[in-house]
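Asker: Sequence first, then the predicted structure, then my questions.
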Amino acid sequence: MSPLRTIKELLKKAVTVQEKFLKQLYVAAVISSAFEKKGIQTVLVGGAVVEYYTAGGYTTVDIDMILPPLEKQEIETIMEGLGFERFEDYRHWIHPQIRIPVEFPPGPPQVGDLPIQEVNEIEVEKIKIKILRIEDILLDRLVAAQEWKDLQAQVQAEMLMYAHYTGINWPYVHKRSSQLGILQLFQKIQKKVKRRMKG
């Protein structure tokens, strides 16, 4: 099946599938594939990544994907070609049949003021989507919890730690927490999650 046909098939699935998160993944895969065809890499960030790593324990309504610096016209051409309509500005899109808002926050991918060097890759219907690693989305939530006093972000950080405790690169998280000035909060939440795991 050609890449264009694959995209069209996936868009049809996104319209008809009932499960919200699967719908979001299909939309992300469609967008990722369309930009990839033009040699442009996207990275899935934000709440949809938390939802992925917590297996739906946390849910979000929109999709955030970071693009490299592009002309406004390039984004509009690709998104309009997929049937998406712009709202607010050229960074905000929605498909009339899918109704999941898509936003392209300014890049590059980073946590706080630290650039992200590596990303993970997941596969949806044979289409690869680049997403933040568990460690970086965890750090992102910790930064939001501390800087914006966002209690929901703190809950999400706990959920991520609890769901992936044995697979997380803790030295990396510790080092980055120190660089970002969130070490105290990170250690406090890690202790809380450890107690929960023992109990």
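Answerer: Arrived safely.
Asker: Report the beta-bridge partner residues of the spatially most central residue of the chain.
Answerer: Centroid check for the chain by CA atoms, centre = their mean gives residue 45 as the closest residue, at 2.5 Å. Note on residue 45: beta-bridge partners by DSSP bridges are residue 64.
Asker: From residue 66, how far out is it?
Answerer: If you measure residue 45 against residue 66 using CB to CB, to the nearest Å, the figure is 6 Å. Every C-beta, even on glycine, is put in place using the N, C-alpha and C of the backbone.
Asker: Mutual contacts of these two, please.
Answerer: By CB atoms under 8 Å, 6 or more residues apart in numbering, residue 45 and residue 66 have these common neighbours: 105, 109.
Asker: max-length helix in the chain?
Answerer: In the chain, taking DSSP state H as the definition, the longest helix is helix 20-37.
Asker: other SSEs contacting that one?
Answerer: Packed against helix 20-37 by the contact rule (3 or more CB pairs under 8 Å, 6 or more residues apart in numbering; DSSP states H and E) you find helix 3-16, helix 47-53, strand 63-66, helix 72-81, strand 120-124, strand 127-131.
Asker: quick one: contacts of the shortest one?
Answerer: Yep, that's strand 63-66 we're talking about. 24, 27-28, 31-32, 42-48, 100-109.
Asker: Could I get the CA-only coordinates of it as PDB?
Answerer: What follows is strand 63-66, C-alpha atoms only, in PDB (Å, rounded to 0.1, in the frame of the first residue of the first chain):
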ATOM      1  CA  ILE A  63      -2.700  16.300  20.600                       C
ATOM      2  CA  ASP A  64       0.600  18.300  20.800                       C
ATOM      3  CA  MET A  65       3.300  17.600  18.200                       C
ATOM      4  CA  ILE A  66       6.500  19.600  17.800                       C
END
